[in-house]
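Asker: What shape does this take:
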Amino acid sequence: GFMTKYERKLFDDLKSPHLKYWVPFIWFGNLASKARKEGRIRDSVDLQTLMNEMNKYRSWCSLLFGYDWVGIPLVYTQVVTLAVYTFFFACLIGRQFLDTDQGYQGHDLDIYIPIFTLLQFFFYAGWLKV
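Answerer: The predicted structure follows:
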């Protein structure tokens, strides 16, 4: 509904190895310039403002295309996985409770299962898998 049948045919016939998101922007620019020449847009400042906003939107689309174009390398996911598992291995060692037989003040309770570390591990490992 945004293009006429003729425009759709022109769009489909355009050969490009990449996405053609930029074609409607070119059409818009040409139509805006034509409207200025015909007097539909009365002031050049209005045309410039219109074109600046269109160029800003086009650059956002280009940025989005760039994010789609460059994939996340497989090495990145492997490094993150290794970092998460290494962190939790260090947590299992580092978050052990003190021996109550030593008589440290304030450490009367000895829990054998690190509940919060396990909850944290399940949260991060689940997030990693997603």
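Asker: Could you look up the SS state of T86?
Answerer: Three-state secondary structure (criterion: DSSP: H, G, I helix; E, B strand; the rest coil) places T86 in helix.
Asker: Near it, how many other residues are there?
Answerer: T86 is flanked by 10 other residues according to other CB atoms under 10 Å. To be clear about C-beta, it is placed using only N, CA and C from the backbone, and glycine gets the same treatment.
Asker: Tell me how far it lies from M51.
Answerer: Noted for T86: a distance of 52 Å to M51, by CB to CB, to the nearest Å.
Asker: same check, this time on F11
Answerer: From F11 to M51 the distance is 21 Å (CB to CB).
Asker: who has more neighbours, those two?
Answerer: Taking neighbours as other CB under 10 Å, F11 and M51 compare with M51 leading, 16 against 13.
Asker: buried stuff in the helix or strand harbouring that one?
Answerer: Secondary structure from DSSP states H and E places M51 in helix 44-69. The neighbour-count check on helix 44-69 (16 or more other CB atoms under 10 Å) flags 47, 50-51, 58 as buried.
Asker: Give me the neighbour count for S16.
Answerer: 8.
Asker: so it, which of the three states?
Answerer: Criterion first, three-state DSSP; result for S16: coil.
Asker: Now that we're looking at it, what pLDDT does it have?
Answerer: What the model reports as pLDDT for S16 is 86.
Asker: W27 too?
Answerer: As summarised for this prediction, W27 has a pLDDT of 90.
Asker: Low-confidence bits of the chain, can you list those?
Answerer: 97-100, 103, 106-112 (pLDDT under 70).
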